[in-house]
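A.B. asks: everything below, folded, please.
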Amino acid sequence: MASSRRSAKSADRPAGLSVNEAVQAALESVETEAQALGQIGAAASPVAVVAFSGGLDSTVLLHALAARVPPARLLAVHVHHGLQAAASGWPAHCARVAEALGVAFICKRLSERPASGTSLEAWARDARYAALAEAAAQAGCRTVFTAHHADDQAETVLLRLARGAGMLGMGAMSMQRPMAGLNLVRPLLSLPRGDLLAYAQAESLQWVEDPSNQHTDRARNQVRAVVLPALQQAVPGARENLVRAAGLAREAQAVLVEVGHADLQAARLAATSRLSGEGAALVALLSRADVAPVLYRQALCALSAPRQRLALRAWMAECGLAPPSQSVLAEMGKQLLQSSGPYGEVHREGHVMRRYREWIWVQQGVRSLPTVQVVDGLPWRGEAELRLADARLLFTPAPDGISETRLRAATLSVRPLSSSTRVRLRAGGPSRSLKHWHQQFGVPAPWRASLPGVFAGDRLLFVAGLGSHHEADGDGGGAVSSGARFAVRWQPDDPGDFRHCLCAPQQVGRSRV
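C.D. replies: Okay, here's the model as predicted:
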């Protein structure tokens, strides 16, 4: 284990004052957590996790926190990545430091390794945050403190700019942000590393040095060792300016988010006011619980292209999806907004963003479309329902239904239908192709083949998603015209099956067809 000990150095102001002020301000800003942290003698479980690598930055943070918070209310967590031999002694060092401060300590050892082709730095960062979140959840903590400082922030801004980041990326790190249901707090983010060093020297702190920080084959280390010093020399105050620019970018991003959400809400309101005029099948489909609030395409198309992208970003954020890349946004614009065809869809993280005509929605955890289960030779003996493998046939008295005698005389079957099948949805009404009725009632084409028909012998009785079929003479030739009559319906058992909601409003609006 490599460790460093620095002697105290005089300064014009009390050493560590800025560190103390920054930590105190962070504690005060964490509202409910700060109250719990200040309650000496409260419940025994820790209320805050401190990410503790053992290096200079996290050592200063842990020391400053322990001076302001009852140490028993803190939990120092060391994440051991197992990536270098020098790190083998760090957990023991961290345990000794935590013990000296009276702070509980645990070490989280990572067993998994990055997949081939994965950025080592990105994997280590993600794995570290996941381990911290796990430790916090296990300890019942709500807050995680990390020791990022202004030099880290300036490096992040430069790296993000070099990689073509937008306003969101240029904002770099925030003082506080949510993380896996927790509150991630960076109290030292406004302070240069020099202030942390001065604090550590004044307090005679010990810390470990990570030899990998000297490896200039890593982008961040190159920026830290070469780029930022050169920029600081060329433009005095560059580091502070980069940190300030990040703050301005976050403010600008907050405004952009507000604009995106406002445009998104307008598209929702437009959809609400217009959707009721669509066919009953489409209204039922877009009212499902697994369909996010529907958007009206024309409301989005009326916006400028940049505002369209803002609204789409806001939409994806509300759906819990990662920020989309430029290529994903371009594909969303093409499929959901610009295409002249009736359909469009974009797959993203297990979700499908769909458009049918002027309606845009997202389905979560989308399953493959069901196929029609063909069933033949079903006799009916007067039951209220017949159970099938994944559905049921329901029989209800209806004055314009098929006669009981005819139903008993024929065996029933469930079969797929051709789009050219002729269907009459009310007695005396027009006979039109199934494709025509699907278009009129708003059943999107990809769903249509999954909607079966119910037959008595060769006679069509019912079309899922539309309703009962009526022969020209009212009962298929008039051979039997007396006795009880029944309507026959097909209903899937699974409430998650989209056909379930389509079958609920059967024949709504028949007077219009």
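
A.B. asks: sheet partners, orientation included, of the longest strand along the chain?
C.D. replies: If you go by DSSP state E, the chain has its longest strand at strand 391-403. Strand 391-403 has its sheet partners listed here by DSSP bridges as strand 385-387 (antiparallel), strand 485-492 (antiparallel).

A.B. asks: the spatially closest residue to G344 that is not a sequence neighbour - how many residues pack around it?
C.D. replies: With sequence-adjacent residues excluded and distances taken as C-beta to C-beta, 6 or more residues apart in numbering, G344 is closest to Q335, at 3.5 Å. Backbone N, C-alpha and C define where each C-beta goes, glycine included. For Q335, the neighbour count with other C-beta atoms under 10 Å is 18.

A.B. asks: from P91, how far out is Q335?
C.D. replies: For Q335, the distance to P91 equals 51 Å [C-beta to C-beta, to the nearest Å].

A.B. asks: if we can go back for a sec, would you mark the buried spots in the longest strand of the chain?
C.D. replies: Within strand 391-403, the residues scored as buried using 16 or more other C-beta atoms under 10 Å are A391, L393, L394, F395, G401, I402, S403.

A.B. asks: returning to what we had before: now mean pLDDT, distance to T272 and mean neighbour count too, for the strands paired with strand 391-403, in TSV please.
C.D. replies: What follows is the strands paired with strand 391-403, written out as TSV (pLDDT from 0 to 100; distance: least, C-beta to C-beta, whole Å; neighbours: other C-beta atoms under 10 Å):
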stretch	mean pLDDT	distance to T272	mean neighbour count
strand 385-387	93	36	14
strand 485-492	91	28	21
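
A.B. asks: which of the ones you listed sits closest to V374?
C.D. replies: Comparing the strands paired with strand 391-403 by their distance to V374 (C-beta to C-beta), the top pick is strand 485-492, with 12.4 Å.

A.B. asks: ok, and what's touching that closest one?
C.D. replies: Outside strand 485-492, the residues that touch it by C-beta atoms under 8 Å, 6 or more residues apart in numbering are 370, 390-404, 407, 412, 414, 452, 454, 456, 461-462, 464, 468, 475, 499-500, 503, 506.

A.B. asks: how far does that strand sit from the chain's center?
C.D. replies: Mean-position distance between strand 485-492 and its chain equals 40 Å (C-alpha atoms, centre = their mean, to the nearest Å).

A.B. asks: with stretch 485-497 instead?
C.D. replies: 34 Å.

A.B. asks: same question, stretch 307-314
C.D. replies: Averaging C-alpha positions (C-alpha atoms, centre = their mean) puts stretch 307-314 16 Å from its chain's average.

A.B. asks: what pLDDT does L27 get?
C.D. replies: Looking at L27, its pLDDT stands at 89.

A.B. asks: thinking again about what came up before, so the residue nearest to G344 sits in a helix?
C.D. replies: Yes: counting by DSSP: H, G, I helix; E, B strand; the rest coil, Q335 falls inside a helix.

A.B. asks: for C319, see how far away it is.
C.D. replies: From Q335 over to C319 (counting by C-beta to C-beta), the distance is 16 Å.

A.B. asks: quick one on the thing from earlier: so the residue nearest to G344 sits against E345, correct?
C.D. replies: Yes: Q335 is in contact with E345 according to C-beta atoms under 8 Å; the separation is 6.3 Å.

A.B. asks: overlap in contacts of those two?
C.D. replies: Shared contacts of Q335 and E345, counting by C-beta under 8 Å, 6+ apart, come down to M353, R355.

A.B. asks: A131: what's it in contact with?
C.D. replies: Taking C-beta under 8 Å, 6+ apart, we find A131 in contact with V77, V79, K108, L110.

A.B. asks: could you rerun that using 6 Å?
C.D. replies: V79, K108 (C-beta atoms under 6 Å, 6 or more residues apart in numbering).

A.B. asks: go through the helix or strand containing R125 and flag the buried ones.
C.D. replies: Element membership for R125, per DSSP states H and E: helix 120-139. For helix 120-139, burial by neighbour count (16+ other C-beta under 10 Å) applies to W123, A124, A127, R128, Y129, A130, A131, L132, A133, A135, A136, A139.
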